[in-house]
Each structure stands twice: as structure tokens, then as C-alpha cells.
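Enquirer: heads up, no residue letters with this:
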């Protein structure tokens, strides 16, 4: 049974009409970048909880989650309605294996996200250990419209701090926007456009691919990579692909 802590909303960020972040004032156990927590609200006499990856690090003063409103969802519309000072419940410990200490030794880390699957990769990119472990870090972030490209100030800051190590490639599928690839991630992998943009290739020798987001992207990319000999990473059988599905 979950051990719930009472937190307080420190700040709400609204990225567009359906995308939000919450910074929560609560003291949880130390966690690893890329892990998730469960948050909950008591709604009509029932405790409604869902898992959310953390954008924040343990060293930061607030727990931060990034989420989208599911119109008929039991929790997300209520989370979006919270304001500074409102109470929210948070589990005391984080979980999950989408962390760099689970990644075998390799030169290049590829992080592929759709929508709010961006969250755990931001935490990984904010961690100094990531820049020590890998020669190159690539973030591919796929959204439908330009208004959904959240956390651009943070991503720009990371590009400025690590100009030789970090490559950011945005994908916008329903709009043509300068600088973004107007394809889904699997199609851009198959065409070679994604890797051409980064200057490196995904292969069994140098690469590990982490994915977080919708099941269709994860399944399609996994199929493309399997054709190149990359396989799912397991502790008992090290591989090249680590995933976290959101739905």
C-alpha cells in the first residue's frame, strides 16, 4: 500500500490549452533521474492516483511533473485546476528503470519522446552524471503542433552548456515549422533524416536508445531498430533499447 505524503502546489505552468507542469513542495526519498512517482487527489470520497515521471532532480527544491489533460480522465483535469497553495498527495518514493545506471556502457545515448514522455529525459539531461557517461546525447521530441514544444528555454540552455555533446531534434507532425522534421520519428529513422540531422548513427556498437511516450511510436521504432540488430535491454541480457510506455 502506498505511503502518501501531503504536498503543496508551489507553482503551476500552463504550456498550452492541454499541457501543464506542477511544482510540488514535498520532501520525498532520494530518487534517480528518469524515475516516476504517483500523485493523487481525493475526489468525491475516492483517492484517485496516477504515475507521472519527474522533470526534477532530487537536488532541486520541488518535485516537478509534466502532464496533459485527458478530457474524460479521472485525475488530470483536476490536477490542471490546482493553483498555488492547493494540497496534493505524493508517494514518498520514486520507481522505474528509465535511468542511465541501467544503460550498458556505450558512446551515444538517444532519447526519443512523444508528448509528455519528454519529462524523464529532461531530468536525465539535467543530471551531471549523464554528461560524464556519454560522449553524445540526442533528444528527439515529437509533438503534433508547435505550441506543444514545452520546456524550450531549458532545452536551449542545455544546448548552450553542451554544444558539442547535445543534439536536439524536434518533430512536429501536423505543422510545417522551420527547424523541425515534419515526420513521425519512425519514418524519419527509416528515411535517414533523423540521423543525418545528428551527424551520428544508431548502431549496435555505439548506441543505446531510450524511449518514452505512446505505444505506437515505441513499437514502430523498436521494429525499425530490430532490423539493424538492436534488441530490448534486460538486466539478465544486456541490449540496446529501454522503454517506458505511458498508454
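Expert: Structure received. Remember, predicted model here, so these are calculated numbers, not experimental data. Residues are numbered from 1 along each chain as shown.

Enquirer: Only C-alpha atoms from now on, for both contacts and neighbour counts.
Expert: Noted.

Enquirer: Kindly report the domain assignment for the protein.
Expert: 4-91, 100-245 (automatic domain parsing).

Enquirer: Now do the helices in the chain.
Expert: Secondary structure of the chain (DSSP state H): helices located at 76-80, 118-126, 128-133, 152-161, 185-191, 193-198, 215-226.

Enquirer: Let's have these in a markdown table, adding mean neighbour count, distance to residue 41 and mean pLDDT.
Expert: Converted to a markdown table, those look like this (neighbours: other Cα atoms under 10 Å; distance: least, Cα to Cα, whole Å; pLDDT from 0 to 100):
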| stretch | mean neighbour count | distance to residue 41 | mean pLDDT |
| --- | --- | --- | --- |
| helix 76-80 | 18 | 8 | 98 |
| helix 118-126 | 24 | 21 | 98 |
| helix 128-133 | 14 | 33 | 98 |
| helix 152-161 | 13 | 29 | 98 |
| helix 185-191 | 17 | 35 | 98 |
| helix 193-198 | 16 | 40 | 98 |
| helix 215-226 | 18 | 27 | 96 |
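
Enquirer: Minimum distance to residue 31: which of those helices has it?
Expert: Checking the helices of the chain against residue 31 by Cα to Cα gives helix 118-126 as the closest, at 10.8 Å.

Enquirer: is it possible to export the helices of the chain to JSON lines including distance to residue 235?
Expert: JSON lines is the format used below for the helices of the chain (distance: least, Cα to Cα, whole Å):
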{"stretch": "helix 76-80", "distance to residue 235": "33"}
{"stretch": "helix 118-126", "distance to residue 235": "20"}
{"stretch": "helix 128-133", "distance to residue 235": "19"}
{"stretch": "helix 152-161", "distance to residue 235": "30"}
{"stretch": "helix 185-191", "distance to residue 235": "26"}
{"stretch": "helix 193-198", "distance to residue 235": "28"}
{"stretch": "helix 215-226", "distance to residue 235": "18"}
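
Enquirer: For residue 96, which of these is the nearest?
Expert: helix 118-126 (10.3 Å).

Enquirer: Now do that closest one: everything it contacts.
Expert: With Cα atoms under 8 Å, 6 or more residues apart in numbering as the test, helix 118-126 has contacts from 33-36, 53-57, 65-66, 98-100, 111-112, 130-131, 139, 141, 158, 212-213.
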